[in-house]
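Student: Fold the following, please.
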Amino acid sequence: MLRLPIAAFGLGLVAGMAFAHGDVAPQAIDTDALPDVGEEWLTENPYRDAGPEVWAKAIEIGDSGYNQNCARCHGLGGVSGGLAPDLRYLEAEEYGDEWFVDRFQTGYTQNGITKMPAFGELLGQKAAWAIRTYIETRADDGALDDYTGRLKEIRDALAGMSAGDDASALQAELSEIAAEIETGSGAPVADSPAYRAANLITGESPDFQGASEALTIGLSAAH
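Tutor: Predicted structure coming up:
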């Protein structure tokens, strides 16, 4: 799997952010649902191994925070169009965390021009790590390709289901597919369309329509 060294991100920022965040006001993020992490800034993502519920909540909050504050330059869903580095490939380990949180805190300025604002004081540490969790769980480029056809079939099947229908076989298959999808960062679990759909039809009140929509949106974004 491709890994970009931290230096490549620095060079990308210097070369590619001439029309970046400088004129955009950061948007506040509600992080009340996440555990506190203290006032002193950490150097490693505290939500990565905080358990499945915290991890999932961090992704949910980070998804919203990223797309409000970062997507303009770094791309929707973390897929960069070339203006700024593709953060999906920043390693999901302390080395990558340190680079991310430093840039989040201090921003980036070139020749006296702000290309990326300092988000630290404005958004806070919990928001930083939520966004980091979201970014590092993005699927690698092409990771869904082998499963696209089958996922579309499952999407269509779910769209036709209603309360009381048994989707256990589809849930199991989605979970198996989700386990095979690799992240760009090396994180062990990808927050993929298959993963989201599987969770939406787990439990006593499966959301078939929501799962179908999650697959539609996820497959569209991947292509």
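
Student: How much space separates the residue nearest the centre of the chain from Ile29?
Tutor: Residue closest to the mean C-alpha point of the chain, counted by Cα atoms, centre = their mean, is Tyr134 at 2.8 Å. Going from Tyr134 to Ile29 by Cβ to Cβ, to the nearest Å gives 11 Å. (Glycine included, C-beta is placed from N, CA and C.)

Student: anything in contact with each of these two?
Tutor: Counting by Cβ atoms under 8 Å, 6 or more residues apart in numbering, the common neighbours of Tyr134 and Ile29 are 61, 65.

Student: State the phi and psi torsions of Val37.
Tutor: Dihedral pair for Val37: phi -120, psi 10, per degrees, to the nearest 10.

Student: before we move on, what about Thr183?
Tutor: The phi/psi pair for Thr183 (degrees, to the nearest 10) is phi -90, psi 160.

Student: burial measure for it, as a count.
Tutor: Thr183 has 22 neighbouring residues, counting by other Cβ atoms under 10 Å.

Student: so it touches Leu144, yeah?
Tutor: No. Using Cβ atoms under 8 Å, Thr183 is not in contact with Leu144, being 12.0 Å away.

Student: hmm, back to that, pretty sure the residue nearest to the centre of the chain contacts Trp55?
Tutor: No. Using Cβ under 8 Å, Tyr134 is not in contact with Trp55; the gap is 10.5 Å.

Student: that older thread, double-check that the residue nearest to the centre of the chain belongs to a strand.
Tutor: No. Using DSSP: H, G, I helix; E, B strand; the rest coil, the assignment for Tyr134 is helix, not a strand.

Student: Now the nearest residue to it once chain neighbours are set aside: which helix or strand?
Tutor: The shortest distance from Tyr134 to any non-neighbouring residue, by Cβ to Cβ, 6 or more residues apart in numbering, is to Gly62 (3.0 Å). Secondary structure assigned from DSSP states H and E places Gly62 in helix 52-69.

Student: Need the pLDDT of Ile135.
Tutor: pLDDT recorded at Ile135 is 96.

Student: That one - how many residues pack around it?
Tutor: Neighbours of Ile135 using other Cβ under 10 Å come to 28.

Student: Tell me who's in contact with it.
Tutor: Going by Cβ under 8 Å, 6+ apart, Ile135 touches 62, 66, 78, 87-88, 90, 100, 185.

Student: Sort out which residues of the helix holding Gly62 are buried, please.
Tutor: Neighbour-count burial for helix 52-69 flags 54-69 (criterion: 16 or more other Cβ atoms under 10 Å).

Student: Now restrict the contacts of Ile135 to buried residues only.
Tutor: 62, 66, 78, 87-88, 90, 100, 185.

Student: and which of the residues you listed is nearest to Pro206?
Tutor: Gly62 (25.1 Å; Cβ to Cβ).

Student: Show me which helix or strand of this protein is least confident by mean pLDDT.
Tutor: Across the helices and strands of the chain, mean confidence by mean pLDDT, DSSP states H and E is lowest for helix 6-16: a mean of 39.
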